[in-house]
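**Q** requesting a structural model of the entry that follows:
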Amino acid sequence: IDALSGDLHLLLFQPGVLLSPYSVLPCNTPINRTNVVYAPHFYPNFTDYNISGYEPLLQRYLTEATTHQTPVFIGEFGKNWNATNDGNLFLESEYQKTEKETMQLFDNAKISYTRPWFSDDNSKVTDEWNWALIKGTSGLSGIERKFIVDYLARPFPQCTAGTLSSFVFDIDTKDYSMSYTPDTGNTDIFIPRTRHYPWGFKVIHSKGITLKDDPSQFTGLNVLENPGAVDSNKFSWNEASGTLRITEWLTGESVTVEIKPLTETMTLVYPSGPVFEGDLIVSPGTEYVIRNMTYQINGNLTVEKGAKLTVENSTLTVKMRYKCEKNIYINGGSVRISSSTVKSSPEGVIQEAGEILGAQLMLDLKNGTTDFYAENSNLLCRLSLMEKTKALISSSTVSFIYWMPTSDFEIYKSTIGIFVFNLSDTAKETLSFNNLKKDSETNFTMTTSSGQVIISGTRMISEWQFCLHYSLNKSITISNSDIGTIWTRIPPTDNRITISNLPNGFVQDFSLKQKIQGLTLEGDVHLINTTLQCFKPELLSTKAEIINSYAMFHPYGEADTIVRDSYLIYLNHYGSKRTEIINTTVFGTLQLIDKPGYHETINGRVVGEGGYFDIIFSSTTIDAPQIVVACNTGTISGTVYFKSPKELSNIQWVRGKITRTYPLIVETLEKERLKNVNVYLKESGTTLWTGMTDTNGETSFSIMFTSNNYNHTYELAVEKSTSTRNINFLTDTPIRVDAKISPFSFFHDTTTITKEIEVSQGRIKIEIPAGTVEKDYYILTSTSPQNTEIETANQKDNLDKNLDRLPGTMIEINLKDTSGVSITGTLKKEATISIPYADNDNNGIVDNTSPAINEKTLSIYHLENNTWQKISASYVDIEQNIVRVNINRFSVFILMGSPSAQNLNDAFAYPVPCGQGCSRIIFRRLTSEAKIKIYTITAELVRELVNYGGDDTEEWDLKNESGENVASGIYIYLISDNTGSKKGKIAIIK
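**A** Numbers count the residues shown, from 1 in each chain. Predicted structure coming up:
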């Protein structure tokens, strides 16, 4: 068949084929026709992945084309693929080998090709005759088989002005090269940048010019080097079509054009197995490649400046070893994630708002050189963009995004769980937000003084949030939007501030300035025709009162706060000092959280020392789906009704100790309150606490809950009564117990009386000899007394880091005569009190103390004038694990001791230097009986000290062994014990 005269069409000629086994019949007779292209099918092997026959078959076609004097176009090619093998990484890898060999052969021969079809699997999914590049039968809307398409969608010369000599693309290095002799016109090269060059590419022309396209710069094609003084306008890049155009200026002279990834030379590192144990750090000059695999890191992941992380067609799981930390930290490095999932392991941490979408993983971008790119991926994490970082996300799902206005961020055609506009920088500026909608496509662009955000064709499925930390110095207008939460940190103030009448739901006109009184605000948040779910004030070292409001409550540091007549969408404590919650309902998750050692400097003040909170409820209802505990220590007291949860299984106890105090009322069935009645708290038959009701029939007891016993149930019993009551962490208060009680038994002062009280460590023993009070009496004891004097003494002790109280060792002892009058004053004879402590492993350290308390430092203290006073005659029986002391009056007693170090690793001296007015140098973190030797710089011994006290502290009074003051100068100290030694220098300036 000849082409018609003037016809510009080409006729593609395919030789005959045999179907079983498939092969193309030889075609050696010349065609002798014009406008005809030789277009055979290229199927060297259907049965397996052996590629030995690929090159001979192509060479045969090239020979036949020479016979026909026609060009070659491969009409069909590609290994057939069984759809049931999708996800089989081994077979996918084998398939890629065939694609790689085929592409290299075609490039070397400078021929073009096409596939049998692009989308829709063969309906017979078990049929071997399947070439679909898109999975399923939904056309191009399905999921592509990326392991195939990446090899097909490659750079190639679309149009060459001149004569093409060669072109080749290396799929592994992403390097493309073509050589040709140019002629007048345009040479067009197709470059799939998003797929193969997400960080950009370099164009290297052999005539002495190098250009780059860096998507993070948003500036198009720029000159890197130009020693050949070539006109850069001869090069243009069309991002929409993916075409690099070169307007040729040379003729008849061979040139080479190279396309390379815009990255520095890096050492490629691949995982050695499916699991990495510990923290993975990708160091500068290294690219860590996770490709076509399921990979888990049992630790944190850090990508340092100058390093790169590539995740392709994989699932990356980070099993977090630390709570609330940066689990993936990109500090100046680069990250490329494509067709992958990044998530945490099933073992989650503290649940917060974003984790409704599985966002338990922290992925932090920091440092101005950080670049982040993700496409066609699921990021089940909290992605934080800070400090002028750059990020581009397309066609992906992200659970949680924090965007700061100092960073550049673009997201296209994606889905977001929660997006936080984190406007916590100090820049004073006016910003407007409009039409931020939920469950619909959002298009929004905003440029700040130092960054920008572009959201295009992206759907929000949960919440838009605004974070305004540290100071409200911006003027912000939000209109016609659906906002989940606006949260801000109220800066420290010595005056009580009042936050009142915070709305929930549709807001027609709202000014934050008008809702907060007693705080000077430089800016304002103004809402117009907007839906607001809740406001979240974070209180930093602030005295505050929240009244008649609908809010998330989030006190930090040493905040002293009252919440009254409000609805709290959740209650979250981070090391708060004291919170009173009155006539309020808490719904949503109740979070009892702090950060041990947490502190922050705000306006020159250190706030939030952390590690302790105190919640006092009054007529409050808890209606929460669950309770989360992750703290150091805390206390709960007052009257509270647990509407929900009712089941202990709805408590997620991550860590920490919480002491809950239960107010208790003992009364008859007729509701007559009973005074002077013994009440016992027991667990599995063991008495943990004994107390007595006061004249109002009231008493209280406390239970310290931990991760070991938060789900335990206790029994409350009344003396000489069959009435009992089960108690657990979720018991409503006040507890009311119905009972009928007999009178007390009195002791006669003519005999020695011994009374023992069961506690968790053993039995507290009280011995009162005959003739001590000279009248009949009875003994009242309480192992959990509470009053303002005790509270004040505890607060003073909390400030003394060298002394710790032992929980469960407090006891209040009172004697009363037959008329119920307390017997006070000095006893005529000394009584003896013995208090046990726990050291089950006999290592000299009191069990379950942190920091560890040395048993030799234990003493019994008594309450006097709002202070715990040491009774110096205390005797520690280390064989019986008991501290014993004689007393001449009854009071409240408790065991206290000092921590001592286990080794000398952290030992130190201060102050250094010891200047004018300094009279002593203190050595800390010492072990028991550690020796300290102080020398001059010429090695002369000045003084020797021994830490006999059992605590971790020893002092030097700046005197030598002769009692003389030492001179100014440099001294060397050597601390030693049986575990090792440590030395250092001291400077004394007088």
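**Q** mind listing the helices for the stretch 451-600 of the chain?
**A** Counting by DSSP state H, counting those that start in this stretch, the segments of the stretch 451-600 of the chain that form helices are 512-515.
**Q** low-confidence stretches in it?
**A** Along the stretch 451-600 of the chain, segments meeting pLDDT under 70 span 470-471, 541, 557, 573-576, 593-600.
**Q** for burial, what's the neighbour tally of the nearest residue to residue 452 once chain neighbours are set aside?
**A** Leaving aside its chain neighbours, residue 452 sits nearest to residue 408 (5.5 Å; criterion: C-beta to C-beta, 6 or more residues apart in numbering). No exception for glycine: its C-beta is placed from N, CA and C like everyone else's. Look at residue 408: counted by other C-beta atoms under 10 Å, it has 21 neighbours.
**Q** residue 55 too?
**A** 15.
**Q** what does the host helix or strand of it rub up against?
**A** Assigned by DSSP states H and E, residue 55 belongs to helix 54-68. Here helix 54-68 makes contact (C-beta atoms under 8 Å, 6 or more residues apart in numbering) with 26-32, 36, 38, 40, 42, 44-45, 71-72, 98, 101-102, 105-106, 109.
**Q** if you set the cut-off to 10 Å instead, what comes out?
**A** 13, 15, 23-24, 26-33, 36-45, 70-74, 77, 98, 101-102, 104-106, 108-109, 111 (C-beta atoms under 10 Å, 6 or more residues apart in numbering).
**Q** that helix: which residues count as buried?
**A** 54, 57-58, 61, 64-65, 68 (16 or more other C-beta atoms under 10 Å).
**Q** what does stretch 962-979 give?
**A** 966, 971-973, 975, 977.
**Q** of those, which is the nearest to residue 857?
**A** In terms of C-beta to C-beta, no member of the buried residues of stretch 962-979 lies closer to residue 857 than residue 977, at 16.3 Å.
**Q** okay but that closest one is in contact with residue 926, surely?
**A** Yes - between residue 977 and residue 926 there is a contact at 8.2 Å, judged by C-beta atoms under 10 Å.
**Q** which neighbours do the two have in common?
**A** Joint contacts of residue 977 and residue 926 (C-beta under 10 Å, 6+ apart) are 901, 904, 907, 947.
**Q** for the third one, give me its contacts.
**A** Think residue 907. 901, 923-927, 930, 932, 952, 954, 973, 975, 977, 981-984.
**Q** just the buried subset of those residues, written out for ChimeraX, thanks.
**A** If you want just the buried ones from those in ChimeraX, going by 16+ other C-beta under 10 Å, the selection is:
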select :901,923,924,925,926,927,930,932,952,954,973,975,977,982
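**Q** which of the contacts of helix 54-68 count as buried?
**A** 13, 24, 27, 31, 36-45, 70, 72-74, 77, 98, 101-102, 104-106, 109, 111.
**Q** so which of those residues are in helices?
**A** Judged by DSSP state H, the buried ones among the contacts of helix 54-68 include 98, 101-102, 104-106, 109 as members of helices.
**Q** can I get the residues you listed in CSV including distance to residue 871 and pLDDT?
**A** Formatted as CSV, these follow (distance: C-beta to C-beta, whole Å; pLDDT from 0 to 100):
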residue, distance to residue 871, pLDDT
98, 87, 91
101, 88, 91
102, 90, 93
104, 89, 92
105, 94, 94
106, 93, 94
109, 98, 94
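**Q** which two from the residues you listed end up farthest apart in space?
**A** 98 and 109 (16.7 Å).
**Q** what lines up beside the helix or strand harbouring residue 883 in the sheet?
**A** Taking DSSP H and E as the criterion, residue 883 maps to strand 882-887. Partners of strand 882-887 in the sheet, by DSSP bridges, are strand 831-836 (antiparallel), strand 875-877 (antiparallel).
**Q** run a quick neighbour tally on the residue lying closest to residue 231 once chain neighbours are set aside.
**A** In space, residue 231 comes closest to residue 249 once its chain neighbours are excluded; the distance is 7.1 Å by C-beta to C-beta, 6+ apart. Residue 249 has 11 neighbouring residues, counting by other C-beta under 10 Å.
**Q** what's the spacing between residue 249 and residue 749?
**A** 119 Å (C-beta to C-beta, to the nearest Å).
**Q** same deal with residue 190?
**A** In terms of C-beta to C-beta, residue 190 sits 106 Å off from residue 749.
**Q** and if you look at residue 86?
**A** Applying C-beta to C-beta to residue 86 and residue 749 gives a distance of 90 Å.
**Q** ok, residue 801 next?
**A** Taking C-beta to C-beta, one finds residue 801 at 44 Å from residue 749.
**Q** neighbour count for these two, which is higher?
**A** Just comparing residue 801 and residue 749: by other C-beta under 10 Å the higher neighbour count belongs to residue 749, 18 against 11.
**Q** wait, the more buried one sits on residue 778?
**A** No - if you go by C-beta under 10 Å, residue 749 and residue 778 don't touch, sitting 11.6 Å apart.
**Q** hmm, back to that, mind listing which of the buried ones among the contacts of helix 54-68 are in strands?
**A** 13, 24, 36-38, 41-42, 73-74, 77 (DSSP state E).
**Q** looking at this structure, which helix or strand is least sure?
**A** strand 605-607 (a mean of 42; mean pLDDT, DSSP states H and E).
**Q** check contacts around the nearest residue to residue 106 once chain neighbours are set aside.
**A** In space, and not counting its chain neighbours, residue 106 is closest to residue 113: 5.8 Å by C-beta to C-beta, 6+ apart. Taking C-beta under 10 Å, 6+ apart as the criterion, residue 113 is in contact with 39, 42, 72-78, 102-103, 106, 152.
**Q** give me that answer again for 7 Å
**A** 74, 77, 106 (C-beta atoms under 7 Å, 6 or more residues apart in numbering).
**Q** how far away is residue 964 from residue 943?
**A** The value you get for residue 964 to residue 943, if C-beta to C-beta is used, is 10 Å.
**Q** repeat that for residue 572.
**A** 52 Å.
**Q** looking at those two, which is more packed in?
**A** residue 572 (23 against 18).
**Q** if the more buried one is in a bridge, with which residues?
**A** residue 591.
**Q** domain map for the chain?
**A** 11-152, 156-261, 646-738, 753-897, 908-988 (automatic domain parsing).
**Q** and the residue nearest to residue 452, what's its pLDDT?
**A** Looking at residue 408, its pLDDT stands at 82.
**Q** and the spatially closest residue to residue 36 that is not a sequence neighbour, how far from residue 24?
**A** Closest residue to residue 36 apart from its sequence neighbours, by C-beta to C-beta, 6+ apart: residue 11 at 4.9 Å. For residue 11, the distance to residue 24 (C-beta to C-beta) stands at 18 Å.
**Q** same thing with residue 964?
**A** Counting by C-beta to C-beta - residue 964 and residue 24 are separated by 108 Å.
**Q** now swap in residue 198 and tell me
**A** Taken as C-beta to C-beta, the span from residue 198 to residue 24 is 39 Å.
**Q** in a markdown table, list the buried residues of stretch 962-979 along with distance to residue 616, pLDDT and secondary structure.
**A** Putting the buried residues of stretch 962-979 into a markdown table (distance: C-beta to C-beta, whole Å; pLDDT from 0 to 100; DSSP: H, G, I helix; E, B strand; the rest coil) gives the following:
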| residue | distance to residue 616 | pLDDT | secondary structure |
| --- | --- | --- | --- |
| 966 | 53 | 92 | coil |
| 971 | 51 | 94 | strand |
| 972 | 53 | 94 | strand |
| 973 | 48 | 94 | strand |
| 975 | 45 | 94 | strand |
| 977 | 45 | 87 | strand |
